[in-house]
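[1] heads up, no residue letters with this:
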């Protein structure tokens with residue numbers, strides 16, 4: 001496990017990116033059983049990441065650095081947007097709609113990259129500074145994507 005919030009959560013971003021790529025590859029191949037399994041793994045990893053941030057990291061950061069509520073509010077809003085897209089992905093997978101599936105994945109990839117850049121460039125460094133003494137304890141409860 002990484003020893004800073006930035007490293008641990010940035011590493012998890014890369015894991016989620018790899019899972020998204022696996023969904024894209026499966027969708028290109030047209031094996032809907034595989035697409036469904038990969039999409040479910042990706043959805044679970046993203047949800048696990050969002051929940052950790054929303055339930056553990058953001059509240060701890062906001063308690064220590066009240067000025068963080070602006071950035072964390074934006075991140076929560078973007079999590080909601082990505083959750084809607086994950087629901088759209090699940091519907092496309094269930095309907096075996098390859099074009100819809102790939103379209104949602106393309107948009108989700110773009111939005112996720114922009115979101116991750118904000119977290120990695122602004123929020124996580126802020127958390128590293130504000131929560132340095134608590135990082136080990138906060139990260140102890142974090143379960144990264146497989």
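    Arrived safely. This is a predicted model, so every value here is computed, not measured. Numbers count the residues shown, from 1 in each chain.

[2] From here on, just use CA atoms for contacts and neighbour counts.
    OK.

[3] separation between the most centrally placed residue in the chain and residue 117?
    When Cα atoms, centre = their mean is applied to the chain, the residue found nearest the centroid is residue 46 (4.1 Å). To residue 117, residue 46 is 16 Å away according to Cα to Cα, to the nearest Å.

[4] Would you point out the helix or strand in the protein whose mean pLDDT is lowest?
    Lowest on mean pLDDT, DSSP states H and E among the helices and strands of the chain sits helix 135-140, with a mean of 91.

[5] Give the other helices and strands that it contacts.
    With contacts taken as 3 or more Cα pairs under 8 Å, 6 or more residues apart in numbering; DSSP states H and E, helix 135-140 sits against helix 5-29.

[6] which residue sits closest to residue 57, ignoring its sequence neighbours?
    In space, and not counting its chain neighbours, residue 57 is closest to residue 138: 7.2 Å by Cα to Cα, 6 or more residues apart in numbering.

[7] Could you list the low-pLDDT ranges of the protein?
    Scanning the chain for pLDDT under 70 picks out 1.

[8] where exactly do the helices run in it?
    Counting by DSSP state H, the chain has helices at residues 5-29, 32-52, 58-64, 69-94, 98-118, 124-130, 135-140.

[9] Could you check how far the closest residue to residue 101 other than its chain neighbours is from residue 3?
    Leaving out its chain neighbours, the residue that sits closest to residue 101 by Cα to Cα, 6+ apart is residue 92, at 5.1 Å. For residue 92, the distance to residue 3 equals 38 Å [Cα to Cα].
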